[in-house]
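Asks: Sequence and predicted structure below; questions after.
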Amino acid sequence: MNSTVASYRIDAGGSSLEEIAVYPTVPEGAAAGNHASDLQISSDGRFLYGANRGHDSIAIFEIDAETGRLSRKVQVPCGGRTRRNLAIAPQGDHLLCANQDSDVVTIFTRNAETGALSDSGKTIRIGTPMCLRFAKA
């Protein structure tokens, strides 16, 4: 609820967590009233995507596999209001964002090498989208 994401280290036995660091999901000076709503990690474990309600953005972080530390790459406008959920397509080439108060799912093209998102120009108009899941064909 405070617009942050934290990374943790799990001990060898898997019985305890140690906080590594806490990172903001919005830029410094962002207006009050924002809260993070969903986190997704790419299947290769290299990138974390965090949705922000209020700031109406998606924060992109790169994950350092050795240290567990995050580095924020960029903020991307999410194409609507009140982010509820993010979903990365099984092939990893798209990220979808459910924008509850805009009645739209925004479709981003995802670069698997850099983690970057770009607007595909495509959306799905649907009333109050809240949860996204991909079904096996």
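Replies: Arrived safely.
Asks: Now do H35: how many residues are near it, please.
Replies: For H35, the count of nearby residues is 16 (other CB atoms under 10 Å). C-beta here means a position set from N, CA and C on the backbone, and glycine is covered the same way.
Asks: Torsion angles phi and psi at it?
Replies: Dihedral pair for H35: phi -150, psi 150, per degrees, to the nearest 10.
Asks: pretty sure I124 is in contact with V105, am I right?
Replies: Yes: contact criterion CB atoms under 8 Å: I124 and V105 qualify, at 4.1 Å.
Asks: Are there residues contacting both of those two? Which ones?
Replies: Listed as contacting both I124 and V105 by CB atoms under 8 Å, 6 or more residues apart in numbering are L96.
Asks: More neighbours: which of those two?
Replies: V105 (21 against 13).
Asks: if I pick the more buried one, what's in contact with it?
Replies: V105 makes contacts with L96, C97, A98, N99, T123, I124, I126, P129, L132, as judged by CB under 8 Å, 6+ apart.
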